[in-house]
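Trainee: From the sequence below, what's the structure:
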Amino acid sequence: MLGPMPLKSMLRSLKKERLPLLRLQARHRDACISTTVKFSGDPGQVRLGSKVTIEGPTVVNVAQGGELNGSFLEIGDRTYIGEFNNIRCAGARIVIGADCLISQHITIIGTNHGTAPGTPINTQPWVGDGVVIGDDVWIGAGAVVMPGSRIGDGAVIGAGAVVRGQIPAGWIAVGVPAAPLRQRT
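Mentor: Here you go, the predicted structure:
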C-alpha cells in the first residue's frame, strides 16, 4: 500500500507540473487559461493573442523529448480552445489563427516519429512540417490535424475528421482523410 507523498516530493512535483503553467499565465494576463491545462515547455516559446481561452484539461506541449528544438506555438486573438485537447509542437511550429473555435477532444500534432526500417521508432528523429490553421476556422469535436496540414481562413473541419494536407479557405471538410465537401454559404 502506498502512503502519503512526502512533502519534499510533493513540492518538487508541484514545481515541475504547475510552474510552467503559472509562468504562461503570467506572460499572457488577458488570456483565460484554465488551471487544469497541462503545459510543458518554455512559456517563451508561446505567443497568445488577446482574449485567448484555453479550457482544461487540455495538454499543451511545446517541447520535443524535453527539448525545445524549434518548437513554437502561436494562437491568434479571441481564439477559443475547448476541453480535453492535445496540442503538441514536438520540434515544429503550430500556428492557430484569430477567431478560431477549436472544439473538444481534438489533437493537433506538429511532427511524427520517423519510420525508417531497421531502426527502433523511438530512436528516430521527429519528422514533420508543423501546422498552420488560418483565421476564423472551426474544428469539430474529435478531429485530428496531422503534421504538415494547412487549413485556410474560414474553413470548417467536421467532427471526427483527420486533416492531412491542405484544406482550402472557406470550405467545409469532412471524413478520414478530410476532404472538401462544399463551400460555406
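Trainee: Quick one: distance of stretch 162-170 to the chain centre.
Mentor: Chain-centre distance of stretch 162-170: 17 Å, with CA atoms, centre = their mean, to the nearest Å.
Trainee: what do you get for stretch 177-185?
Mentor: Stretch 177-185 sits 23 Å away from the centroid of its parent chain (CA atoms, centre = their mean).
Trainee: start the count at 745, not 1, going forward
Mentor: Sure thing, new numbering starts at 745, so read that last one as stretch 921-929.
Trainee: Just the mean pLDDT for that stretch, thanks.
Mentor: In this model, stretch 921-929 has a mean pLDDT of 96.
Trainee: Just the endpoints, please. Distance across it?
Mentor: This stretch, stretch 921-929, spans 23 Å end to end (CA to CA, to the nearest Å).
Trainee: can you list contacts of that stretch?
Mentor: Stretch 921-929 is contacted from outside by 887, 898, 900-902, 905-909, 911-912, 914-919, using CB atoms under 8 Å, 6 or more residues apart in numbering. (Glycine included, C-beta is placed from N, CA and C.)
Trainee: And the buried ones among the residues you listed, selectable in ChimeraX?
Mentor: Of these, the buried ones go into a single ChimeraX selection, burial set by 16 or more other CB atoms under 10 Å:
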select :887,898,900,901,902,905,906,907,911,914,915,916,917,918
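Trainee: Now, the contacts of stretch 921-929 that are in strands?
Mentor: Counting by DSSP state E, the members of the contacts of stretch 921-929 that fall within strands are 900, 901, 906, 907, 911, 915, 916, 917, 918.
Trainee: residue boundaries of the helices in the protein?
Mentor: Ranges of helices in the chain, per DSSP state H, are 751-771.
Trainee: tell me the contacts of the residue at minimal distance from the centre of it?
Mentor: Residue closest to the mean C-alpha point of the chain, counted by CA atoms, centre = their mean, is residue 831 at 1.9 Å. Neighbouring residues of residue 831 by CB under 8 Å, 6+ apart: 802, 803, 804, 805, 817, 825, 838, 851, 852.
Trainee: Next, the first one: phi, psi?
Mentor: In this entry, residue 802 is assigned phi and psi values of phi -100, psi 140 (degrees, to the nearest 10).
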